[in-house]
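# Provided below are the primary sequence and the corresponding predicted coordinates.
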Amino acid sequence: MEFSERICQDWFAMQIIIERRPLEQIEADALVVPVFEGKKEERFGAGDLADSGEVAGKSLELTLLHHVPGIAATRVLLAGAGKPEQFDSAELRKLAGVAVRHLKAKSVKKIAFILESGHANPEYAAAAVEGAILGDYEPDRHKTGNDKKQMEGLVLAIGGEAPDLEEAAARGRILGEAQNFTRELVTEPANRLTPSRMADAARQMASEFHLDCEILERSRMEELGMGALLGVAQGSAEPPALIVIRYKPETGSAESRVHLGLVGKGVTFDTGGISIKPADGMEKMKYDMAGGAAMLGAMRAIAQLKPAIRVTAFVPCVENMPGSRAQRPGDIVTAMSGKTIEVINTDAEGRLILADALTYARRQGCTHLVDAATLTGAIVVALGHLNVGLFANDDGMRDRVLQAAKAEGERMWAMPLEDDYKDYLKSAFADLGNVGGRWGGAVTAAMFLKEFAEDTPWVHLDIAGTAWLDSAKPGLAKGPLAEGPSGVAVRTLVRLATEWKD
């Protein structure tokens, strides 16, 4: 079975149940109890542990108790939630993921997560489900052993009075599965996920969730004059593809003039081209399509959550290879917009394919744009692996995305984009160069893209430091070398679309 067929199968079959019985009666392999700093947990025989300092409630501190008297669950996991005043849905999502990963390692199949003391509400219920699904993910699809461990069931154990949480739990499942869908795409090696196969996976996903899907092939791109995108693709034997997936609100919903365009970089493997990368770490360059994968994951969730605005994803997919036909440093290409670009460094290829995708999105009627790309190493130098670099040409659009990111617990940091930075991109031979020298690399890359967003309200997310984790982070899978895909930006983009107010 091809990957494009397997990627859309229901791998995320965790059963989710909401229980309102007394906690002592809830049957599970493990009952997860958030414990806070400064609040002594007396239940489950934990009082003595608190007195001795063994259970202090520090963030992500885990203490597993077996066969607690009077408790139907086989185990109780006291999960440190940190200071109560700093606890929010983002911390709960992280805590749920950590608990799942800890218990999975002990072959636990069904857990119950307690929501009480003001946390039994839709926001926290959705976060707990998302965290559990994210924590259950493993990037081990191609391992052949039979020792794989997977969580089978999650119970949300509700303490006290609480509203109906079924809809919130369903939303949490949709978002968690969409993010894992993105992570699975990013994990797939480049020999199994070429531009054509990524297009196949997008087509299959769109069919499953009743979205319109169009794939632009090389001939159509030539007709449209996408010289920047085709220049990158010409060095590979694999043909390029521009994935276009469209969501339209249901007939009868309020008409909105907003048409949100989501543009994601889809370089399925990046050697750097003629400006070839060092060998060390190049195997990780399969992740260079993480921005495009995030857009596909977001569309998967958007199709199910049905926002009131139109949303279209544009994912230009190429390989950047040093073949005999590859573009060279010094080449000049003409973008779809008509601007000419001097290719100074062929390893600055992502901005070239995004340039044509942004122009195409504008011509398709998009009124607002967000792009996501593993674009620069410079953003990693600036922000490390903790924050996404956010650039915008419009303050209102910037604030919308930052607000959505904050609500979803995805850290993003607004970076400068003053017009003076364009001077770094001057070329004696073309309208602009594709790189701006050593200084301010993330800013000049964003400034390059701004030229093609033009006056459309636009946000650029540089996810180079956050899309692939070099060490395990709480709630996300630890791969074979303590690394793996994060699926960053999916939740932010979905919230941006679903909570859009004209």
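Nice, I can see it.
# Grab the longest helix from this protein for me.
Ranked by residue count under DSSP state H, the longest helix found in the chain is helix 166-187.
# Name the nearest residue to residue 440, ignoring sequence neighbours.
Distances taken as C-beta to C-beta, 6 or more residues apart in numbering put residue 421 closest to residue 440, at 6.3 Å, once the chain neighbours are dropped. Yep, even glycine has a C-beta here, placed from its N, CA and C like the rest.
# Might you report the residue contacts of the one you found?
Taking C-beta atoms under 8 Å, 6 or more residues apart in numbering, we find residue 421 in contact with 436, 440, 443, 444, 447.
# And the pLDDT for the third one?
Translated: residue 443. At residue 443, the model reports a pLDDT of 98.
# was I right about it contacting residue 419?
No: using C-beta atoms under 8 Å, residue 443 is not in contact with residue 419; the gap is 11.4 Å.
# neighbour-wise, which of those two wins?
residue 443 (23 against 8; other C-beta atoms under 10 Å).
# Please enumerate the helices of the stretch 401-502 of the chain.
Using DSSP state H, counting those that start in this stretch, the helices of the stretch 401-502 of the chain run over 441-453, 490-498.
# got the contact list for the shortest one?
The contact list for helix 490-498 (C-beta under 8 Å, 6+ apart) reads 130, 175, 178-179, 182, 260, 262, 294-295, 297-298, 301-302, 305, 307, 309, 311, 370, 372, 400-401, 404-405, 407-410, 412.
# which SS class is residue 352?
Put simply, residue 352 is helix when judged by DSSP: H, G, I helix; E, B strand; the rest coil.
# for this structure, what's the longest strand?
strand 310-320 (DSSP state E).
# for it, the distance to its chain's centre please.
15 Å (C-alpha atoms, centre = their mean, to the nearest Å).
# quick one: strands adjacent to it?
strand 241-247 (antiparallel), strand 259-264 (parallel), strand 266-270 (parallel) (DSSP bridges).
# Pick the most deeply packed of these.
strand 266-270 (a mean of 28; mean count of other C-beta atoms under 10 Å).
# rewinding a little: could you tell me which of the contacts of helix 490-498 count as buried?
Among the contacts of helix 490-498, those that count as buried by neighbour count (16 or more other C-beta atoms under 10 Å) are 130, 175, 178-179, 182, 260, 262, 294-295, 297-298, 301-302, 305, 307, 309, 311, 370, 372, 400-401, 404-405, 407-410, 412.
# where along the stretch 1-150 of the chain do the strands fall?
Remark: strands assigned in the stretch 1-150 of the chain by DSSP state E, counting those that start in this stretch are 15-19, 30-36, 62-66, 75-82, 110-115.
# angle of the helix or strand following the longest helix of the chain against strand 266-270?
Downstream of helix 166-187, the first helix or strand assigned by DSSP states H and E is helix 195-208. Between helix 195-208 and strand 266-270, the angle comes out at 150 degrees (axes from the mean of the first three to the mean of the last three C-alpha atoms, to 10 degrees).
# Using CSV, write out every CA atom in helix 195-208.
Output of helix 195-208 as CSV, limited to C-alpha atoms (Å, rounded to 0.1, in the frame of the first residue of the first chain):
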residue,chain,number,x,y,z
PRO,A,195,6.5,15.9,-4.5
SER,A,196,4.2,13.7,-6.5
ARG,A,197,3.5,11.4,-3.5
MET,A,198,2.9,14.4,-1.2
ALA,A,199,0.4,15.6,-3.8
ASP,A,200,-1.2,12.1,-3.7
ALA,A,201,-1.4,12.3,0.1
ALA,A,202,-3.1,15.7,-0.1
ARG,A,203,-5.5,14.5,-2.7
GLN,A,204,-6.5,11.5,-0.6
MET,A,205,-6.9,13.6,2.5
ALA,A,206,-9.0,16.1,0.6
SER,A,207,-11.2,13.4,-0.7
GLU,A,208,-11.7,11.9,2.8
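# Can I take it that residue 162 is in a strand?
No: with three-state DSSP as the criterion, residue 162 is assigned coil and is not in a strand.
# Looks like it contacts residue 120 (just checking).
Yes: taking contacts as C-beta under 8 Å, residue 162 lies within contact range of residue 120: 3.7 Å.
# circling back: what is the orientation angle of the longest strand of the chain with helix 490-498?
Strand 310-320 runs at 150 degrees relative to helix 490-498, counting by the same axes, to 10 degrees.
# Show me what the following helix or strand past strand 310-320 is packed up against.
From strand 310-320 onward toward the C-terminus, using DSSP H and E, the following helix or strand is strand 332-334. Where contact means 3 or more C-beta pairs under 8 Å, 6 or more residues apart in numbering; DSSP states H and E, strand 332-334 is packed against helix 227-233, strand 340-342.
# which residues touch stretch 387-405?
368, 370, 379, 382-383, 410-415, 417, 442-443, 446, 449-450, 453, 455, 457-463, 465-466, 488-489, 492-493, 495-496, 499-500.
# ugh, typo on my part, it should be stretch 370-379
260-265, 287-288, 290-291, 294-295, 350-351, 354, 357-358, 389, 401, 415, 440-443, 445-446, 449, 458-465, 467-468, 489, 493, 496.
# What distance separates the opening and closing residues of that stretch?
17 Å (C-alpha to C-alpha, to the nearest Å).
# Pull out the buried residues from it.
Buried residues in stretch 370-379 (16+ other C-beta under 10 Å): 370, 371, 372, 373, 374, 375, 376, 378, 379.
# tell me which residues form a beta bridge with the fourth one?
When assigned by DSSP bridges, residue 373 has beta-bridge partners residue 462.
# Quickly note the distance from it to residue 353.
9 Å (C-beta to C-beta, to the nearest Å).
# same question, residue 433
With C-beta to C-beta as the criterion, residue 433 and residue 353 are 16 Å apart.
# Tell me which of the two has more neighbours.
residue 353 (29 against 22).
# So the more buried one sits against residue 318, correct?
Yes: applying C-beta under 8 Å as the test, residue 353 and residue 318 come out as touching, 5.8 Å apart.
# which residues do those two both contact?
Joint contacts of residue 353 and residue 318 (C-beta under 8 Å, 6+ apart) are 229, 232, 233, 266, 267.
# Mind putting these into TSV with pLDDT and distance to residue 80?
Listed next are those as TSV, based on pLDDT from 0 to 100; distance: C-beta to C-beta, whole Å:
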residue	pLDDT	distance to residue 80
229	98	48
232	98	47
233	98	49
266	98	39
267	98	40
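# Would you mind giving these as CSV with distance to residue 70 added?
Converted to CSV, the shared contacts of residue 353 and residue 318 look like this (distance: C-beta to C-beta, whole Å):
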residue, distance to residue 70
229, 65
232, 64
233, 65
266, 55
267, 57
